[in-house]
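Chemist: Everything below, folded, please.
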Amino acid sequence: MSRRTGAVRAALAVTGTFLVLAAAPTLAGALGGTPPGPLPVAWEDGRARDAENATPSHAAVLKAEEERRAKEEARRKAKQAAKRKAAEQAAKRKAAEQRAARARALQGGTPAQNRALGMQMCRDRGWSASQCDDLGRLWQRESGWNHRASNGGSGAYGIPQALPGSKMASRGGDWRTDPRTQIAWGLDYIQGRYGNPSNAWGHALRTGWY
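Modeler: So this is what the prediction gives:
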């Protein structure tokens, strides 16, 4: 081999090595490796848009949830307020009915109302509960607390069975029909003659009259 021929062969060998090294990435790509170079621009833009859209979407979900909870809370408070208002109105109606009942009782009328009026007027005189209870027993036996009770035999009339009934005119011209007038006269009579209802009741038990 001549010296020139050996130099040519060496040059060809070096050139072939460079060609193989330069073709390596292309071969690796062909065999399934990672392709060389950056990702496509369109793909990067898509990812950026998705990231931008994700934040507003999440915020919208949170805002909607807050609004839903606020509405539920408002409904709950409104329901509680309605219940309180209904309870207050019911309490006011009950109180008004009780006041009306007490007012009717103080006006008298039925035997039960007359008795309630008599018990109140008895307490107003300063008499004790037991003394007022004896008054209730006394006039229950005399008239049943009926302000129109009349004894045809004796002429006694009204709740205290005043004899004659016209005596009660000293307390008011309406003595025939007004339980308050009759009770007031009867309490005056008991206080003046017996001191208190218990003494009058004791006398009635012993004698049959007072």
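
Chemist: residues contacting residue 127?
Modeler: Counting by Cβ atoms under 8 Å, 6 or more residues apart in numbering, residue 127 touches 135, 196-197. All C-beta spots, glycine's among them, are computed from the backbone N, C-alpha and C.

Chemist: how near is it to residue 112?
Modeler: Counting by Cβ to Cβ, to the nearest Å, the separation of residue 127 from residue 112 is 20 Å.

Chemist: neighbouring contacts of stretch 136-152?
Modeler: Residues contacting stretch 136-152 (Cβ under 8 Å, 6+ apart): 108, 111-112, 114-115, 118-119, 156-161, 163, 165, 176-179, 182, 186, 197, 200-201, 204, 210.

Chemist: In helices, which of those fall?
Modeler: Using DSSP state H, the subset of the contacts of stretch 136-152 located in helices is 111-112, 114-115, 118-119, 179, 182, 186, 197, 200-201, 204.

Chemist: how near is residue 125 to residue 118?
Modeler: Computed as Cβ to Cβ, the residue 125 to residue 118 distance reads 11 Å.

Chemist: So between the two, which is more surrounded?
Modeler: residue 118 (26 against 16; other Cβ atoms under 10 Å).

Chemist: In contact with the more buried one, which residues?
Modeler: 135-136, 139, 145, 159, 179, 183.

Chemist: One more: residue 185?
Modeler: Contacts for residue 185 (Cβ under 8 Å, 6+ apart) come out as 160, 162, 167-168, 170-171, 175.

Chemist: show me where this protein has helices.
Modeler: 3-30, 41-107, 111-124, 129-143, 179-193, 197-207.

Chemist: Of those, which shows the lowest average pLDDT?
Modeler: Sorting the helices of the chain by mean pLDDT places helix 3-30 lowest, at a mean of 47.

Chemist: Per the annotation, how does the protein divide into domains?
Modeler: 58-107, 111-207 (automatic domain parsing).

Chemist: so which of those is the most packed in?
Modeler: Among these, the stretch with the highest mean neighbour count (mean count of other Cβ atoms under 10 Å) is domain 111-207, at a mean of 18.

Chemist: Pull up the distance across that one, start to finish.
Modeler: Start-to-end span of domain 111-207 (Cα to Cα, to the nearest Å) is 25 Å.

Chemist: go on, stretch 151-168?
Modeler: 15 Å.

Chemist: tell me the mean pLDDT over it?
Modeler: Over the span of stretch 151-168, the pLDDT mean works out to 96.

Chemist: Name the nearest of the ones in helices among the contacts of stretch 136-152 relative to residue 77.
Modeler: The shortest gap between residue 77 and any of the ones in helices among the contacts of stretch 136-152 belongs to residue 112, at 45.9 Å (Cβ to Cβ).

Chemist: I'd like the distance between the closest one and residue 197.
Modeler: Distance of residue 112 to residue 197, given as Cβ to Cβ: 19 Å.

Chemist: Also residue 82?
Modeler: For residue 82, the distance to residue 197 equals 52 Å [Cβ to Cβ].

Chemist: One more: residue 178?
Modeler: From residue 178 to residue 197 the distance is 21 Å (Cβ to Cβ).
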